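> Return atomic coordinates for the entry below.
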Amino acid sequence: MFKVGIITASDKGYKKEREDLSGKVINDMITQKGYKVEKYVVLPDEEDIIYKEIVYMADELGVDLILTTGGTGFSPRDVTPEATRKAIDRFAPGVSEAIRYYSLQITPRAMLSRGISGIRNKTLIINLPGSPKAVRESLEYIIDSVHHGLEIMTGKTRECAR
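As a prediction, this is how the structure comes out:
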């Protein structure tokens, strides 16, 4: 069972002015797949706060996977990719490329997503889009491959024994 941290970046969600539907979609989908959510938090769109939470989840909680939602667009307050970039040791560009590739088949606006993915120690961090619909579509598309990547990264697969 993989341990997961969920971060929603949303000023309005943080202030309780908007319900966090995207984080709930992630939580529901991940738990249905047998993953254990260690922490689920809604944060303001502040780069340093998001960065510190990613580091805390990876280094202190020891989660295997961090899924973020929100903060990946063109707004000046959208800083999730910048916070993620500061936290990761190695990029995993194929994950974000796959999300954009799949999303572009649904809407041309997917090209505006700046989400990134990468690894900090033994934690995979993936920036998902902000809308519940896009989160569901993206996660459904990548989850099986991400699961395999987590097995390899954590040494929980027979391939790593070879």
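
> so what does the longest helix seen in the chain touch, helix or strand wise?
Longest helix in the chain by number of residues (criterion: DSSP state H): helix 132-154. The contact analysis (3 or more Cβ pairs under 8 Å, 6 or more residues apart in numbering; DSSP states H and E) places helix 132-154 against helix 21-32, strand 65-69, helix 93-104, strand 123-128. From N, CA and C alone the C-beta is placed, and that goes for glycine too.

> try 7 Å this time
helix 21-32, helix 93-104, strand 123-128 (3 or more Cβ pairs under 7 Å, 6 or more residues apart in numbering; DSSP states H and E).

> Correct me if wrong: residue 43 contacts residue 5.
No - in this structure residue 43 lies outside contact range of residue 5 using Cβ atoms under 7 Å: 11.6 Å.

> any idea how far residue 45 is from residue 112?
With distances taken as Cβ to Cβ, to the nearest Å, residue 112 is found 16 Å from residue 45.

> Tell me which of these two has more neighbours.
residue 45 (21 against 12; other Cβ atoms under 10 Å).

> What is the neighbour count of the nearest residue to that one once chain neighbours are set aside?
Closest residue in space to residue 45, ignoring its immediate chain neighbours: residue 77 at 4.1 Å, by Cβ to Cβ, 6 or more residues apart in numbering. Burial of residue 77 is recorded as 15 neighbouring residues (other Cβ under 10 Å).

> Looks like residue 141 contacts residue 102 (just checking).
Yes - taking Cβ under 7 Å as the definition, residue 141 is a contact partner of residue 102 at 4.5 Å.

> sorry, back to before: columns mean pLDDT and mean neighbour count on top of the helices and strands packed on helix 132-154, output as a markdown table?
Listed next are the helices and strands packed on helix 132-154 as a markdown table, based on pLDDT from 0 to 100; neighbours: other Cβ atoms under 10 Å:
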| stretch | mean pLDDT | mean neighbour count |
| --- | --- | --- |
| helix 21-32 | 98 | 18 |
| helix 93-104 | 98 | 17 |
| strand 123-128 | 98 | 26 |
